[in-house]
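> can you look at this prediction? I've put the sequence above it.
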Amino acid sequence: MTRHLLKASCKTVHLGGFSPKIEPALRVDSGDRIDIETYSGYYVADKAPPEFLTPEFLDICQNLSSNRKVGPGPHLLTGPIYVTDAEPGDVLEIHIEDVYPSLPVGFNAIRAGWGALPEYFPESKLRFIPLDLEQKIAEFPAGSGIRIPLHPFFGIIGVANAEINRSSIPPERYGGNMDNQELQPGTRLFLPIFLRGGLLSIGDGHSAQGDGEVGGTAIETSMNGTIQIILRKDLFLIFPFAETPTHIVIMGFGRTLDEAFEMAVKQTVYWLQKFAGFKEEDAYVLCSIAVNFRITQAVNNPQKGVHGMMPKCILPEVKIIGHRV
């Protein structure tokens, strides 16, 4: 197993989406670890304070080539990462070992026409929010004494599929812009693979976010982290799921929250059948009496997200991909 350093540069990032045509930024083997650097705020750099602007980030903003601008989304992603021997139908198991802000400032933006209440907040607004990296808090509003705990995570962890220049905004079976704050260090994320090599990209760092991300953005932050990638050929997945230290997190996406909720319930029933040996009806009943379904995000048009939180303590003997919960 090898440990890699993947810095963000004009040769290792791409903007706005996913594409099978992007040259991989890194090639790894199953079991390898990657220390990864990401930047956020490509489209707000001209309004940012000096502490937001590193020389490397400015170089990306000024010199990123057109062939690495691949979609209409606002996100700057590091990757893609090519995994040796990964084939369509396989699964990537991504161990999220560490995630931390790299700069003492993030931003929040209200975008006209976006968010949960676009008719009530129709004007675009941009705020830069200082981060106290030592105490791991952000004060908001400034001077209020209200301290928001930082819980950093990557909003986007996803793989490419055959779609050319797919937007980075909506999540789907490939993961992508899930904006799921449960994907903290200590979590394993499982993603289905659609193309040879997997082509994994990561970015959209969030220092703090509420479930729903109702205003359209979190505290958007340039973020570094460490992941380990395991290639799984002994598993078939329809939708992503994650395992935290305490829960199984099963995700569903849809054009409406009703559709996303229905998909999350269906996938939880499927998970219980596949991994815990439940009968379909018993799995459905368990969802009703023991699983909490939460709004992941309601703003990444045209897809909403809902995730089910299933406590691992109620399934002590369930075997998940090589070890027991």
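That came in fine, so what should we check first?

> just to check, F253 is in contact with G175?
No. Assessed by Cβ atoms under 8 Å, F253 is found out of contact with G175, at 10.0 Å. Yep, even glycine has a C-beta here, placed from its N, CA and C like the rest.

> OK, contacts around L5?
Contact partners of L5, counting by Cβ atoms under 8 Å, 6 or more residues apart in numbering, are 34-35.

> scratch that, R27 is what I was asking about
Taking Cβ under 8 Å, 6+ apart as the test, what R27 contacts is 81-84, 197.

> pLDDT value on it, please?
Looking at R27, its pLDDT is 98.

> then F236?
85.

> residue contacts, it?
89, 91, 192.

> same thing with I238?
173, 192, 267, 270.

> of the residues you listed, which belong to strands?
Counting by DSSP state E, the part of the contacts of I238 found in strands is P192.

> how about the longest helix along the chain: buried residues?
Scanning the chain for the longest helix, with DSSP state H as the assignment, gives helix 257-276. By 16 or more other Cβ atoms under 10 Å, the buried positions in helix 257-276 come out as 260-261, 263-272, 275-276.

> how close does V285 sit to L315?
14 Å (Cβ to Cβ, to the nearest Å).

> out of the two, which sits in the busier spot?
L315 (19 against 13; other Cβ atoms under 10 Å).

> point out where the chain drops to low pLDDT.
316-325 (pLDDT under 70).

> which residues in it form helices?
55-63, 257-276, 280-290.

> the inter-axis angle of the second one versus helix 280-290?
Looking back up the chat, that one is helix 257-276. If you take axes from the mean of the first three to the mean of the last three Cα atoms, to 10 degrees, helix 257-276 sits at 120 degrees to helix 280-290.

> and the gap between the closest residue to V214 other than its chain neighbours and L199?
In space, and not counting its chain neighbours, V214 is closest to A116: 4.1 Å by Cβ to Cβ, 6 or more residues apart in numbering. Counting by Cβ to Cβ, the separation of A116 from L199 is 32 Å.

> so these two - more neighbours on which side?
L199 (26 against 15).

> wait, doesn't the more buried one sit right on E87?
No. Contact criterion Cβ under 8 Å: L199 and E87 do not qualify, at 12.0 Å.
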